[in-house]
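Asker: with the sequence up front, the predicted model follows.
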Amino acid sequence: MAVDHGPWGRYIHGAAFVAALRGGKGPRAAWQALPGEDWPRRLAELAEAVVERGQSAILMVPDQRDLDRVLAECTRLLGDSAVGLAAGLGPAARYRRWLAVLRGTAKVVVGTRSAVFAPAKDLGLIAIWDDGDDTYAEPRSPYPHAREVAMLRSHETGAAFVAAGFARTAEVQAIVETGWAHDLVADRAVVRDAAPRISVPGDTDLAMERDPVAKAVRIPGVAYAAARAALKEGAGVLVQVPRRGYVPSLACAKCRTPARCRHCNGPLALPDGRARHSDSQGDAAHSPSCRWCGITEAAFRCTSCGSRALRAVVIGASRTAEELGRAFPGVPIRGSGGGAMLDTVEPGPQVVVATVGAEPVLPGGYGVALLLDSWALLGRADLRASEDALRRWMTAATLVRSRGQVIVMAEAAIPTVQAMLRWDPVWHARNELAARAEVGFPPAVRMAAVDGTSDSIAELLSATDLPADVEVLGPVPLPDGARKPFSSGDTPAEVERILLRVDRTSGAALARALTAAQAIRSTHRSDAPLRVQIDPVDIG
């Protein structure tokens, strides 16, 4: 069937990019999708362009929901020559499709991170959507990242490469600034026309006069007013919250020290089943329980100041839905997140409360989106906290119709919020890359994280011929979330991490040196726990 590539004309050099793809020239681009863009259809059109000239394509997406959407568009354009690869298929079905790709009967592969290794014949295009999603990082050795493998395959085979998304990572900005890939973006006038109206409560003097407490409350009056107007017009309202549950995190009301269980030191919370109530009493009438051991803590006392009062650190999706249900009586309230994730919802006036990444699609778009508790995303102790927050916000905002409204509950002066208000992810990625270069973090440098006991780390370093410009940082105690692969017999104090930092030009030499050292340890039959990762996602 004839495919109309006209929508690519909305992007600067978009038509030239498609022409180069059809001509087999192997263009490489960082595609910044417009708000509201039908990106599954656009990716399918790129795949069709290379299949038409007898080549194959690999399209990678973060999860099954996106896989189903992209595969449906590819099947609509290319029929049975498009197949999906995902772990949920089961070994038999997955192997049959793998063989179809190997034999060349399947020309387009749509899959999650493992699809990057699909044995596609005469590869003409390899594309990755939303490369900032942490599911692209393989948690098992040798810990490859799908984006890096895709770039290597593109370089080795001469295939076209596309890193696409509504937001942009510092890693993609780095390859743009080096000239390896080029921008595929729309003109600012086109972006402004496609983007919804984005605002922050209390961002002007006039707004503060109308609502003096707009910056202090969780959901200010302007947000309720916008939601009420959208519901009156028959449109849906999307509410994004960072955590599921009711009150999934508690702290001392006096000194803000996190509330911990006396029995196992686990975090205390008010889970869904324990906290619901129908009377007018406050939450204090319900005792918190430990999220680790499940024991109810009826007599909490802060270990720091001795106070018995508790406060919510994060309000969960269930509690938010309950509050909105009281604010909008008679309006359907739907939740999406965890094990009850919705792919789509029917049109009509309704409030959809979703955790980040679980926002369902509403045909025609939502009228209003409320992005709550922004500090929970921005305040994480993570190198990628700001770019991940922007990515989450933009993904939710693109579900709003072009003339709809997005209200971000955040401080307007924060650079990440400014990028959201102007819908300028490229500017944010450029600043993020410059900031990392200033302090010496990936992707401005290459960094290897070596985790293990003090003895295993010392053994590795003694067998390693490191590059001359290497900088050794640490050792430091290993972060809690990174201890899982190690045996339970190790005490937290025994598990350490060192960082080896080199210039990007010495990255290959560092990788070769560590590989050789690992081989030497293997010949010595060393069984001491050790893990080596290059540019890990959770570097901190």
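Answerer: Everything's here; your move. These numbers come from a predicted model, not from an experiment.

Asker: so where's the stretch 201-350 of the chain shaky on pLDDT?
Answerer: By pLDDT under 70, the weakly predicted segments of the stretch 201-350 of the chain are 202-218, 244-249, 271-286, 292, 312-316.

Asker: how about the strands in it?
Answerer: For the stretch 201-350 of the chain, the strands defined by DSSP state E, counting those that start in this stretch occupy 236-241, 249-252, 268-269, 289-290, 310-314, 333-336, 350-355.

Asker: which one of those is the most hemmed in?
Answerer: Of all the strands of the stretch 201-350 of the chain, strand 236-241 has the most neighbours on average by mean count of other C-beta atoms under 10 Å, namely a mean of 28. Backbone N, C-alpha and C define where each C-beta goes, glycine included.

Asker: that strand to strand 350-355, inter-axis angle?
Answerer: Angle between the axes of strand 236-241 and strand 350-355 is 20 degrees (criterion: axes from the mean of the first three to the mean of the last three C-alpha atoms, to 10 degrees).

Asker: hang on, the earlier thing: just send the strands of the stretch 201-350 of the chain back as CSV, with distance to L390 too.
Answerer: Listed next are the strands of the stretch 201-350 of the chain as CSV, based on distance: least, C-beta to C-beta, whole Å:
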stretch, distance to L390
strand 236-241, 13
strand 249-252, 23
strand 268-269, 28
strand 289-290, 34
strand 310-314, 20
strand 333-336, 21
strand 350-355, 17
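
Asker: for F17, find the nearest of those strands.
Answerer: Minimum separation from F17 across these (C-beta to C-beta) falls at strand 236-241, 31.9 Å.

Asker: now the closest one, how far from the centre of its chain.
Answerer: Distance of strand 236-241 from its chain centroid, counting by C-alpha atoms, centre = their mean, to the nearest Å, is 18 Å.

Asker: list the contacts of it.
Answerer: Here strand 236-241 makes contact (C-beta atoms under 8 Å, 6 or more residues apart in numbering) with 227, 230-231, 315-317, 320, 324, 345, 347-356, 359, 362, 366-373, 392-393, 396, 399-400.

Asker: in this protein, what spans have low per-residue confidence?
Answerer: Scanning the chain for pLDDT under 70 picks out 1-2, 202-218, 244-249, 271-286, 292, 312-316, 381, 479-493, 540.

Asker: longest helix of it, counting residues only.
Answerer: Looking across the chain with DSSP state H, the single longest helix is helix 507-523.

Asker: the next helix or strand after it versus helix 507-523: what angle between them?
Answerer: Where DSSP states H and E defines the elements, the next helix or strand beyond helix 507-523 is strand 530-534. Per the same axes, to 10 degrees, the angle that strand 530-534 makes with helix 507-523 is 160 degrees.

Asker: strand 530-534 pairs with which strands, parallel or anti?
Answerer: Strand 530-534 pairs in its sheet with strand 445-453 (antiparallel), by DSSP bridges.

Asker: same question for the partner strand: list its buried residues.
Answerer: Residues of strand 445-453 classed as buried: V445, R446, M447, A448, A449, V450, D451, G452, T453 (neighbour count, 16 or more other C-beta atoms under 10 Å).

Asker: which of those residues lies closest to P258?
Answerer: Nearest to P258 out of the buried residues of strand 445-453 is D451 (C-beta to C-beta; 25.2 Å).

Asker: from F441, how far out is the closest one?
Answerer: Noted for D451: a distance of 18 Å to F441, by C-beta to C-beta, to the nearest Å.

Asker: quick one on the thing from earlier: just the closest of the buried residues of strand 445-453 to R521, please.
Answerer: Minimum distance to R521 across the buried residues of strand 445-453 is 10.4 Å, recorded for G452 (C-beta to C-beta).

Asker: for that closest one, which non-adjacent residue is spatially closest?
Answerer: Spatially, and ignoring its direct neighbours in sequence, G452 is nearest to L530 (3.9 Å; C-beta to C-beta, 6 or more residues apart in numbering).

Asker: pretty sure that neighbour contacts S454?
Answerer: No: at 11.1 Å, L530 and S454 do not qualify as touching, with contact defined as C-beta atoms under 8 Å.

Asker: of the two, which one has the most company?
Answerer: Between L530 and S454, L530 has the larger neighbour count (other C-beta atoms under 10 Å), namely 19 against 14.

Asker: hang on, the earlier thing: I'd like the buried residues of strand 445-453 as TSV, with distance to P119 appended.
Answerer: Below are the buried residues of strand 445-453 laid out as TSV (distance: C-beta to C-beta, whole Å):
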residue	distance to P119
V445	33
R446	29
M447	31
A448	30
A449	31
V450	33
D451	33
G452	35
T453	39
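
Asker: which one of those residues is nearest to A127?
Answerer: Lowest distance from A127 to the buried residues of strand 445-453 (C-beta to C-beta) belongs to R446, with 25.0 Å.

Asker: tally of neighbours for the closest residue to that closest one other than its chain neighbours?
Answerer: Sequence neighbours aside, G507 is the residue nearest to R446 in space, at 3.3 Å (criterion: C-beta to C-beta, 6+ apart). Neighbourhood size, G507 [other C-beta under 10 Å]: 19.

Asker: so which bits of stretch 338-345 are buried?
Answerer: By neighbour count on 16+ other C-beta under 10 Å, the buried set for stretch 338-345 is M341, L342, V345.

Asker: just stretch 510-529 next, same as before
Answerer: Residues of stretch 510-529 classed as buried: L510, A511, A513, L514, A517, Q518, R521, S526, P529 (neighbour count, 16+ other C-beta under 10 Å).

Asker: show me where the stretch 101-250 of the chain has its helices.
Answerer: Using DSSP state H, counting those that start in this stretch, the helices of the stretch 101-250 of the chain run over 146-157, 170-177, 188-194, 205-210, 221-232.

Asker: before we move on, back to that, for the strands of the stretch 201-350 of the chain, which one sits closest to T105?
Answerer: Nearest to T105, of the strands of the stretch 201-350 of the chain and by C-beta to C-beta, is strand 333-336 at 37.2 Å.
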